[in-house]
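Asker: sequence? don't have it. structure:
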(Lines give C-alpha, C1' and ligand atoms only; values in the text may rest on other atoms or scores of the structure.)
Protein backbone atom coordinates (compact mmCIF):
# COMPACT_ATOMS: atom_id res chain seq x y z
CA UNK A 1 0.00 0.00 0.00
CA UNK A 2 2.80 2.36 0.95
CA UNK A 3 4.65 1.58 -2.30
CA UNK A 4 1.49 2.29 -4.32
CA UNK A 5 1.08 5.64 -2.56
CA UNK A 6 4.70 6.63 -3.20
CA UNK A 7 4.45 5.69 -6.88
CA UNK A 8 1.24 7.70 -7.31
CA UNK A 9 2.79 10.71 -5.59
CA UNK A 10 5.86 10.59 -7.87
CA UNK A 11 3.65 10.26 -10.95
CA UNK A 12 1.49 13.27 -10.00
CA UNK A 13 4.63 15.34 -9.25
CA UNK A 14 6.15 14.53 -12.66
CA UNK A 15 2.91 15.38 -14.47
CA UNK A 16 2.73 18.70 -12.65
CA UNK A 17 6.29 19.58 -13.61
CA UNK A 18 5.61 18.78 -17.28
CA UNK A 19 2.44 20.85 -17.28
CA UNK A 20 4.26 23.80 -15.64
CA UNK A 21 7.04 23.61 -18.20
CA UNK A 22 4.51 23.56 -21.03
CA UNK A 23 3.03 26.82 -19.75
CA UNK A 24 6.41 28.66 -19.83
CA UNK A 25 6.84 31.21 -22.68
CA UNK A 26 8.93 29.99 -25.64
CA UNK A 27 12.00 32.15 -26.35
CA UNK A 28 12.16 33.19 -30.03
CA UNK A 29 15.10 31.89 -32.05
CA UNK A 30 17.47 34.81 -32.69
CA UNK A 31 17.69 35.86 -36.33
CA UNK A 32 21.31 36.41 -37.36
CA UNK A 33 22.07 39.34 -39.68
CA UNK A 34 23.09 38.40 -43.21
CA UNK A 35 26.85 38.12 -43.73
CA UNK A 36 28.57 41.27 -45.00
CA UNK A 37 29.66 40.72 -48.62
CA UNK A 38 32.61 42.94 -49.53
CA UNK A 39 32.55 44.65 -52.91
CA UNK A 40 35.12 46.76 -54.73
CA UNK A 41 32.44 48.79 -56.50
CA UNK A 42 32.64 52.53 -55.92
CA UNK A 43 34.86 55.61 -56.20
CA UNK A 44 38.14 55.93 -54.32
CA UNK A 45 40.99 58.36 -53.62
CA UNK A 46 44.49 57.78 -52.28
CA UNK A 47 48.11 58.80 -51.95
CA UNK A 48 51.14 56.89 -53.22
CA UNK A 49 54.88 57.20 -53.47
CA UNK A 50 57.86 55.19 -54.53
CA UNK A 51 60.97 55.03 -56.63
CA UNK A 52 61.83 54.77 -60.32
CA UNK A 53 64.80 53.86 -62.46
CA UNK A 54 65.29 53.71 -66.19
CA UNK A 55 67.09 55.13 -69.18
CA UNK A 56 67.08 58.29 -71.30
CA UNK A 57 68.75 59.56 -74.44
CA UNK A 58 69.75 63.03 -75.59
CA UNK A 59 71.17 63.96 -79.02
CA UNK A 60 72.40 67.29 -80.37
CA UNK A 61 73.91 66.96 -83.85
CA UNK A 62 77.40 68.45 -83.95
CA UNK A 63 77.41 69.18 -80.20
CA UNK A 64 76.78 66.18 -77.96
CA UNK A 65 75.15 62.80 -77.82
CA UNK A 66 74.55 60.44 -74.95
CA UNK A 67 72.29 57.41 -74.91
CA UNK A 68 73.65 55.91 -71.70
CA UNK A 69 71.96 58.05 -69.06
CA UNK A 70 70.18 56.07 -66.32
CA UNK A 71 67.87 58.42 -64.41
CA UNK A 72 66.55 57.38 -61.02
CA UNK A 73 64.78 59.01 -58.11
CA UNK A 74 61.49 59.23 -56.27
CA UNK A 75 57.92 60.41 -56.72
CA UNK A 76 54.86 61.09 -54.56
CA UNK A 77 51.32 62.03 -55.54
CA UNK A 78 47.60 61.26 -55.50
CA UNK A 79 45.42 58.79 -57.39
CA UNK A 80 41.69 58.30 -57.82
CA UNK A 81 39.24 56.25 -59.81
CA UNK A 82 36.16 54.04 -59.90
CA UNK A 83 35.74 50.24 -59.74
CA UNK A 84 32.87 48.06 -61.00
CA UNK A 85 32.23 44.58 -59.60
CA UNK A 86 28.90 42.97 -60.50
CA UNK A 87 28.22 39.66 -58.79
CA UNK A 88 31.49 37.99 -59.74
CA UNK A 89 35.18 38.05 -58.90
CA UNK A 90 36.07 40.22 -61.89
CA UNK A 91 36.66 43.93 -61.29
CA UNK A 92 36.97 46.63 -63.96
CA UNK A 93 37.70 50.30 -63.54
CA UNK A 94 39.36 53.53 -64.60
CA UNK A 95 42.01 55.47 -62.71
CA UNK A 96 44.07 58.64 -62.98
CA UNK A 97 47.06 59.92 -61.02
CA UNK A 98 49.45 62.86 -60.85
CA UNK A 99 52.80 62.95 -59.06
CA UNK A 100 55.68 65.23 -58.25
CA UNK A 101 58.90 63.54 -59.36
CA UNK A 102 62.65 64.00 -59.15
CA UNK A 103 64.04 61.38 -61.51
CA UNK A 104 67.32 62.38 -63.13
CA UNK A 105 70.81 61.49 -64.26
CA UNK A 106 73.77 63.43 -65.61
CA UNK A 107 76.92 62.66 -67.54
CA UNK A 108 79.41 64.22 -69.93
CA UNK A 109 80.02 63.88 -73.63
CA UNK A 110 82.20 65.81 -76.05
CA UNK A 111 83.46 68.11 -73.32
CA UNK A 112 80.01 69.19 -72.14
CA UNK A 113 77.84 68.20 -69.19
CA UNK A 114 74.50 66.58 -70.01
CA UNK A 115 71.51 65.89 -67.74
CA UNK A 116 67.94 64.68 -68.12
CA UNK A 117 65.17 65.05 -65.55
CA UNK A 118 61.50 64.15 -65.09
CA UNK A 119 59.89 66.79 -62.85
CA UNK A 120 56.33 65.39 -62.72
CA UNK A 121 54.23 62.67 -64.26
CA UNK A 122 50.58 61.76 -64.68
CA UNK A 123 48.49 59.05 -66.30
CA UNK A 124 44.96 57.99 -67.17
CA UNK A 125 44.47 54.22 -67.31
CA UNK A 126 42.02 51.38 -67.51
CA UNK A 127 42.14 48.56 -64.95
CA UNK A 128 41.06 44.91 -64.97
CA UNK A 129 41.48 42.54 -62.06
CA UNK A 130 40.35 39.47 -60.16
CA UNK A 131 39.26 39.70 -56.53
CA UNK A 132 39.54 37.15 -53.76
CA UNK A 133 37.22 38.90 -51.31
CA UNK A 134 39.35 41.79 -49.97
CA UNK A 135 42.41 41.09 -52.15
CA UNK A 136 42.39 42.47 -55.70
CA UNK A 137 45.08 41.50 -58.21
CA UNK A 138 44.96 43.80 -61.25
CA UNK A 139 46.64 44.90 -64.46
CA UNK A 140 46.55 48.46 -65.76
CA UNK A 141 47.47 50.33 -68.95
CA UNK A 142 46.85 53.68 -70.57
CA UNK A 143 48.19 57.11 -71.47
CA UNK A 144 51.09 58.74 -69.60
CA UNK A 145 52.30 62.34 -69.44
CA UNK A 146 55.43 63.87 -67.97
CA UNK A 147 57.37 67.08 -67.57
CA UNK A 148 60.84 66.48 -69.04
CA UNK A 149 63.93 68.65 -68.96
CA UNK A 150 67.18 68.24 -70.85
CA UNK A 151 70.27 70.36 -70.18
CA UNK A 152 73.60 70.69 -71.97
CA UNK A 153 76.25 72.88 -70.33
CA UNK A 154 77.58 74.78 -72.15
CA UNK A 155 74.79 74.63 -74.68
CA UNK A 156 71.01 74.65 -75.08
CA UNK A 157 68.38 73.32 -72.68
CA UNK A 158 64.84 72.15 -73.25
CA UNK A 159 61.67 71.69 -71.22
CA UNK A 160 58.58 69.98 -72.55
CA UNK A 161 55.43 68.15 -71.49
CA UNK A 162 55.50 64.85 -73.32
CA UNK A 163 53.09 61.94 -73.59
CA UNK A 164 53.46 58.22 -74.09
CA UNK A 165 52.10 55.04 -72.57
CA UNK A 166 52.30 53.12 -69.31
CA UNK A 167 51.42 49.58 -68.24
CA UNK A 168 51.85 47.44 -65.16
CA UNK A 169 50.23 45.37 -62.44
CA UNK A 170 49.58 45.53 -58.74
CA UNK A 171 47.58 44.34 -55.77
CA UNK A 172 45.07 46.20 -53.60
CA UNK A 173 44.07 44.84 -50.18
CA UNK A 174 41.14 46.20 -48.16
CA UNK A 175 41.90 46.42 -44.43
CA UNK A 176 38.35 47.66 -43.74
CA UNK A 177 35.31 48.36 -45.91
CA UNK A 178 36.91 51.71 -46.74
CA UNK A 179 40.67 51.67 -46.16
CA UNK A 180 42.89 49.72 -48.56
CA UNK A 181 46.61 49.44 -49.27
CA UNK A 182 48.38 49.11 -52.58
CA UNK A 183 51.65 47.90 -54.11
CA UNK A 184 52.13 48.50 -57.85
CA UNK A 185 54.75 48.20 -60.61
CA UNK A 186 54.53 50.21 -63.86
CA UNK A 187 56.67 50.74 -66.93
CA UNK A 188 56.38 54.15 -68.64
CA UNK A 189 57.67 55.18 -72.05
CA UNK A 190 57.49 58.86 -72.99
CA UNK A 191 57.98 59.99 -76.57
CA UNK A 192 60.81 62.08 -77.97
CA UNK A 193 60.68 65.83 -77.78
CA UNK A 194 62.45 68.56 -79.75
CA UNK A 195 63.91 71.74 -78.36
CA UNK A 196 62.20 74.77 -79.89
CA UNK A 197 65.52 76.65 -79.95
CA UNK A 198 67.49 73.72 -81.37
CA UNK A 199 65.31 71.29 -83.37
CA UNK A 200 68.14 68.78 -83.33
CA UNK A 201 67.82 67.98 -79.63
CA UNK A 202 65.80 64.83 -78.93
CA UNK A 203 65.31 62.99 -75.65
CA UNK A 204 63.72 59.63 -74.77
CA UNK A 205 62.64 58.81 -71.23
CA UNK A 206 61.66 55.33 -70.04
CA UNK A 207 61.20 54.29 -66.43
CA UNK A 208 60.37 51.31 -64.24
CA UNK A 209 58.58 52.40 -61.07
CA UNK A 210 57.43 50.67 -57.89
CA UNK A 211 54.83 52.45 -55.78
CA UNK A 212 53.09 51.82 -52.46
CA UNK A 213 50.02 53.68 -51.29
CA UNK A 214 46.92 53.97 -49.15
CA UNK A 215 43.43 54.69 -50.43
CA UNK A 216 39.87 55.14 -49.22
CA UNK A 217 36.90 53.55 -51.02
CA UNK A 218 33.66 55.52 -50.69
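Answerer: In hand now; what should we look at? Keep in mind the model is a prediction, meaning the values are calculated, not measured. Numbers count the residues shown, from 1 in each chain.

Asker: buried ones in the helix or strand containing residue 55?
Answerer: Counting by DSSP states H and E, the element that carries residue 55 is strand 42-60. Across strand 42-60, burial judged by 16 or more other CB atoms under 10 Å covers 44, 46, 48, 50, 52, 54, 55, 56, 57, 58, 59, 60. C-beta: built from backbone N, CA, C; applies to glycine.

Asker: make TSV out of the residues you listed and add pLDDT and distance to residue 151.
Answerer: Shown next, in TSV, are those (pLDDT from 0 to 100; distance: CB to CB, whole Å):
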residue	pLDDT	distance to residue 151
44	98	38
46	98	34
48	98	28
50	98	25
52	97	19
54	93	18
55	89	17
56	87	12
57	78	14
58	73	9
59	68	14
60	59	11
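
Asker: which two among these are spaced furthest apart?
Answerer: 44 and 60 (44.4 Å; CB to CB).

Asker: for the closest residue to residue 134 other than its chain neighbours, give me the pLDDT.
Answerer: Nearest non-adjacent residue to residue 134, counting by CB to CB, 6 or more residues apart in numbering: residue 174, 4.1 Å away. Residue 174 is assigned 98 on the pLDDT scale.

Asker: counting by contacts, list what the helix or strand encompassing residue 80 packs against.
Answerer: For residue 80, the element it lies in under DSSP H and E is strand 72-84. On a contact count with 3 or more CB pairs under 8 Å, 6 or more residues apart in numbering; DSSP states H and E, strand 72-84 meets strand 42-60, strand 90-109, strand 112-132, strand 202-217.
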